[in-house]
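> For reference, the sequence and a predicted model appear below.
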Amino acid sequence: MGLRERKKTATRRALQEAALELFLERGLENVTVEEIAAEADVSSRTFFNYFASKEDAVLGDLPARPDEPARQEFASGGPSGDFVEDLITMLTSFLVNTEDLVSHRRRMRMRKQLMEREPQLARGFFGRFHAVELEVAAVIAERWGDPPGENRPFVVAAAAMAVMRQTMKRLHFEEGEQIADVRAKLREAFQNLGEAFGPVR
């Protein structure tokens, strides 16, 4: 990443953290865009270069999308050849690629607290979640070679994203939590699904 991109990433993170800290301190309705920008030491105009609204700043990059290399690896049948294991690897690729895990965990902890306090944020979050679900369905269809409009990839993607959402709720985003712990929880959840929705008799 070049210097310009690093600066943009740093500004984006600073705005997210400023928004989260102020909202947790005062509540969503009692904080303005101008106050968020001032806390991050940028102008209000700069704020709108990164986010469309203060709610958008809170949600940040949630939910994290699997990046292009992870999607392509999954679509081509990798990395292990086992569908569930490869799906877990793809869905958690953002944890591997996060440069600053300490600040990432901190932001996730604050978002979790804020989502519990401000349920109105759920609408925006679930709208984003649906967009990621469609991307996951597309890459599942590509891996399976299913034709456009086939229902199976959408059903599996919906189940996978529900598992991901529920698993993320169980995490504390503490420093000791490892990627392996996240994947183990996902593996357990998929196993629960398999047990519940085994062969229909």
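Received it, and whenever you're ready, just let me know what you need.

> Need the three-state assignment for residue 52.
Of the three states, residue 52 takes coil under DSSP: H, G, I helix; E, B strand; the rest coil.

> Going forward, count from 871.
Fine by me, first position is 871 from now on; the one you just mentioned is residue 922.

> Can you point out the buried residues in the strand or helix carrying residue 997?
Secondary structure assignment for residue 997, by DSSP states H and E: helix 992-1014. Across helix 992-1014, burial judged by 16 or more other CB atoms under 10 Å covers 995, 998-999, 1002-1003, 1006-1011, 1013. The way it works is simple: take the backbone N, C-alpha and C, and place the C-beta from them, glycine included.

> and if you look at stretch 978-995?
Per 16+ other CB under 10 Å, stretch 978-995 contains these buried residues: 978, 980-981, 984-985, 988, 991, 995.

> Format those as a markdown table; extra columns: pLDDT, distance to residue 909 and secondary structure.
Formatted as a markdown table, the buried residues of stretch 978-995 follow (pLDDT from 0 to 100; distance: CB to CB, whole Å; DSSP: H, G, I helix; E, B strand; the rest coil):
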| residue | pLDDT | distance to residue 909 | secondary structure |
| --- | --- | --- | --- |
| 978 | 77 | 19 | helix |
| 980 | 84 | 14 | helix |
| 981 | 82 | 17 | helix |
| 984 | 85 | 15 | helix |
| 985 | 81 | 20 | helix |
| 988 | 82 | 18 | coil |
| 991 | 80 | 19 | helix |
| 995 | 76 | 23 | helix |
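
> for the helix holding residue 997, packing partners?
helix 924-929, helix 938-945, helix 953-961, helix 1021-1040 (3 or more CB pairs under 8 Å, 6 or more residues apart in numbering; DSSP states H and E).

> what's next to it, contact-wise?
Residues external to helix 992-1014 that are found in contact with it (CB atoms under 8 Å, 6 or more residues apart in numbering): 925-926, 929, 932-933, 935-936, 941, 944-947, 953, 957, 960-961, 985, 1016, 1018, 1020, 1022-1024, 1026-1028, 1030-1031, 1035.
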